[in-house]
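S.K.: predicted model, plus sequence, below.
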Amino acid sequence: MYRCNDTNPNFAARYSHIFLIFNINLMNDKIRLRFAPSPTGALHIGGVRTALYNYLFTQKMGGTLILRIEDTDQTRYVPGAEAYILESLRWLGMEFDEGPGIGGDFGPYRQSERKSLYGKYAQNLIDSGNAYYAFDTAEELTAMREAYESRKETFRYDGITRQELNNSLTLSAEEVKTKLENGDPYTIRLKVPRDEEVVINDIVRGEVVFRTNELDDKVMLKGDGMPTYHLANIVDDHLMKISHVVRGEEWLPSTAHHVLLYRFLGWEDTMPQFAHLPLILKPSPDSYITKENKVALAERLVDEFFNKNEEIDQSYRSDALAFLSQIFQDKKNVVSKLKISKKDDDNKRALKVFLKSNLSGKLSKRDGDRLGFPVFPLSWVGETKEDSFKGFREFGFMPQAMLNFLAFLGWNPGTEQEIFSLPEMVDAFSLDRIGKAGARFDFDKAKWFNQQYLIQSDNATLVELLKPMVKEKNYEVTDEYLTAAVGMMKERVNTLPEIIETGYYFFEPVKEYEEKMIHKKWNPDRKTALLDLKEQLENLPDYQAEKLEASTKTYLEANGLSFGDVFPFYRIALSGTTKGPALFEMMEALGKAEVEKRLLTAFPAFDEVFATKTNS
RNA sequence: GUUCCUGUGGACAAAUUGGUUAAGUCGUUGCUCUUUCACAGCAAAGAUUGCGGGUUCGAGCCCCGUCAGGAAUACCA
């Protein structure tokens, strides 16, 4: 039975005073974490959260944070992905101590550049009898898997099946030698022992036990000479002296293999501690299926289904649509209706499998697109439109708000504080307050966080962030004016761009007047009073909010009018809507001339709107 | 199918480690403030802690069973 070391993650921190007494400083060079993304596309929200937790823990412990690029799969390599990852992390304000482009004593930090390193360890495994050469081709294995599947069984390359397969365990030494000398393609597979238990002591999950008989003989070295994730990861973590592995829960099932590897390579005593993070889940179907969108959503899903399964005939389309609208009827039980039953034909089966993976489970990049929220920190432009996504930044989120939101997906400080600056978060963070259950992505909450940050930020900062967007729209305004507009709008929106979208009237003439109020209350005879008031205000020595308000009050009292008689029409004239910032502040910001212009164009327009109502 | 993980109001979650009345936040609804919207403040609705047993004076927490959801099951990471 193999046990990973089970020291407390906070051990060094907790007892640092003792180490200090003995003048041993374990903290700084002991705690080393790594964030190890794969450059196969944009870094999604789950990866960002993993990076965050790695960052928080290292900062908290005064450790070292390493960025390692895991690009061992050449077929999935996407140019630009690494740059995207770097830029995302920079935007979010997470700094790394070592990594590509940063430097460090343990480089190189791209696995493709470390290729020559791994063969030696694979050979070690062979030499110690813990791995073997496998000559089965990918095609043979695929065929085998299909054959098993047709019998409703699952093929696994393991301690049983390897005895029947084409490898150095079944072939004679002579045959193996010949094959190797001939340059026949081969992989090196881990020889998982029989009848043992591997015990993992996970920081967030506690003790997890795997029986080796359930484990497959994973490939360590691929046919192209590249290591798989499993080998490269363990070798690099060891060579880079990683102390804690904080990664997503999807890795938990293969952790047993990793523990085995540490042991076979003789590194078990320095094996890092594992912390497997809960997954970030899609919003549940019943939260986003509405009367309004369910038809569009169904069509979209069916489109994607046919896109993905080109072999299925289009004639199945109406059936698929019908099925979807049927399961959307009762949105509470969508997932349970996706169970495959015996009477389902192949099409139905394929459809159900597709829907299940798209309506439940891990949050995926498609979801964002489909449901209208971002899943990536920054926009990503892929080769096709389908592979391009809008990021949190482009949605108008502030990096700190995104981090704050993400931090709470799977962790909480145990206090009632919700808004944390990055340093505060570092201070409050600990691995043992990470939860075990999957956390559901909730865009409403994300927006709330962003709004809190918007309100909290000073106007000057927001103005700087807004300037590029203002420029893009070709609005010509002074900083002073923008500052005023931002001050009035920021607590009325969730994201930055909304300031100039819903508050467009600060930058250009009103596009449309809200008709309801005009129909209800507009009285052409009132115009004289409104114009009267306008003139009185224009004659004030300074066109300033408080003065305007005082003067208006006087006027209304003198003429027996109420606020309600006047305000809505001024408001609609200036902004097109009855919602929005305080009227007099808006007037001050817009300025005397602009206000006059807008009032004079609005009143005749109101008459017209009013006339259409009386006519109809 | 198999292995592993996880179940606390609609969502995120707390619960001093077995202690009595199950926090708080988002969302929803209402009230206050306000010319409107928003912000802020206050309040309400919403939970037999997935379900069934057991242990115990006492169970969200421990044990057994069961159901549901998720992950993994590639020469991907």
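M.R.: It's in. Residues are numbered from 1 along each chain as shown, chains lettered A, B, ... in the order given.

S.K.: so A:S457 sits right up against A:M398, yeah?
M.R.: Yes - here A:S457 reaches A:M398: they are 7.3 Å apart, a contact under CB atoms under 8 Å. Using the backbone N, CA and C atoms, a C-beta is placed for each residue, glycine as well.

S.K.: so between the two, which is more surrounded?
M.R.: A:M398 (22 against 18; other CB atoms under 10 Å).

S.K.: quick check: that one touching A:I455?
M.R.: No - using CB under 8 Å, A:M398 is not in contact with A:I455; the gap is 11.3 Å.

S.K.: for RNA strand B, see how far away the closest residue to A:R49 other than its chain neighbours is.
M.R.: Sequence neighbours aside, A:L406 is the residue nearest to A:R49 in space, at 4.5 Å (criterion: CB to CB, 6 or more residues apart in numbering). Between A:L406 and RNA strand B the distance is 10 Å, computed by CB to the nearest atom of the strand, to the nearest Å.

S.K.: tell me which helix or strand A:E608 sits in.
M.R.: In the assignment (DSSP states H and E), A:E608 maps to helix A:592-615.

S.K.: check whether that helix comes near RNA strand B.
M.R.: No - remark: helix A:592-615 sits outside contact range of RNA strand B, by CB under 7 Å from any atom of the strand, the gap being at least 14.0 Å.

S.K.: kindly report the same for stretch A:71-91.
M.R.: Yes - counting by CB under 7 Å from any atom of the strand, contacts between stretch A:71-91 and RNA strand B involve A:72-73, A:76.

S.K.: likewise stretch A:569-578?
M.R.: Yes - remark: stretch A:569-578 sits within contact range of RNA strand B at A:571, A:578, by CB under 7 Å from any atom of the strand.

S.K.: show the pLDDT at A:N28.
M.R.: We have a pLDDT of 44 for A:N28.

S.K.: typo on my end, A:T228
M.R.: On the pLDDT scale, A:T228 is placed at 97.

S.K.: which elements pack onto the helix or strand that contains A:A256?
M.R.: Using DSSP H and E, A:A256 sits within helix A:252-264. For helix A:252-264, the packing partners by 3 or more CB pairs under 8 Å, 6 or more residues apart in numbering; DSSP states H and E come out as strand A:2-3, helix A:115-127, strand A:187-190, strand A:197-202, strand A:206-211, helix A:229-239, strand A:273-277.

S.K.: can you tell me which of the ones you listed is most buried?
M.R.: strand A:187-190 (a mean of 26; mean count of other CB atoms under 10 Å).

S.K.: and that strand, how far out from the chain middle?
M.R.: With CA atoms, centre = their mean, to the nearest Å as the basis, strand A:187-190 stands 34 Å off its chain's centre.

S.K.: mind listing residues that contact it?
M.R.: A:122, A:125-126, A:130-134, A:157, A:162, A:167, A:217-223, A:230, A:257, A:260-261, A:264 (CB atoms under 8 Å, 6 or more residues apart in numbering).

S.K.: setting aside sequence neighbours, what's the nearest residue to A:I455?
M.R.: Per CB to CB, 6+ apart, closest to A:I455 is A:E491, 5.0 Å.

S.K.: tell me the contacts of the one you found?
M.R.: A:451, A:454-455.

S.K.: host element of A:R34?
M.R.: Here A:R34 is assigned to strand A:32-35, by DSSP H and E.

S.K.: among the contacts of A:E491, name the buried ones.
M.R.: Among these, those scoring as buried are A:451, A:454 (criterion: 16 or more other CB atoms under 10 Å).

S.K.: now, which of the contacts of A:E491 sits nearest A:P108?
M.R.: A:L454 (41.3 Å; CB to CB).

S.K.: wait, that closest one sits on A:Q400?
M.R.: No - A:L454 sits out of contact with A:Q400 when judged by CB under 8 Å, with a separation of 10.8 Å.

S.K.: just the pLDDT for the residue nearest to A:I455.
M.R.: pLDDT at A:E491 comes out at 94.

S.K.: just to be sure, it is in a helix?
M.R.: Yes - the assignment for A:E491 is a helix, going by DSSP: H, G, I helix; E, B strand; the rest coil.

S.K.: separation between it and RNA strand B?
M.R.: A:E491 is 4 Å from RNA strand B, by CB to the nearest atom of the strand.

S.K.: restricting to C-alpha, output stretch A:375-385 in PDB.
M.R.: C-alpha atoms of stretch A:375-385 as PDB (Å, rounded to 0.1, in the frame of the first residue of the first chain):
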ATOM      1  CA  VAL A 375     -16.500  32.000 -20.300                       C
ATOM      2  CA  PHE A 376     -13.100  33.400 -21.100                       C
ATOM      3  CA  PRO A 377     -11.200  36.300 -19.600                       C
ATOM      4  CA  LEU A 378     -10.400  37.900 -23.000                       C
ATOM      5  CA  SER A 379     -11.900  37.700 -26.400                       C
ATOM      6  CA  TRP A 380     -10.600  34.900 -28.500                       C
ATOM      7  CA  VAL A 381     -10.500  35.000 -32.300                       C
ATOM      8  CA  GLY A 382     -10.400  31.500 -33.600                       C
ATOM      9  CA  GLU A 383     -10.300  30.300 -37.200                       C
ATOM     10  CA  THR A 384     -14.000  30.200 -37.500                       C
ATOM     11  CA  LYS A 385     -16.800  32.300 -36.200                       C
END
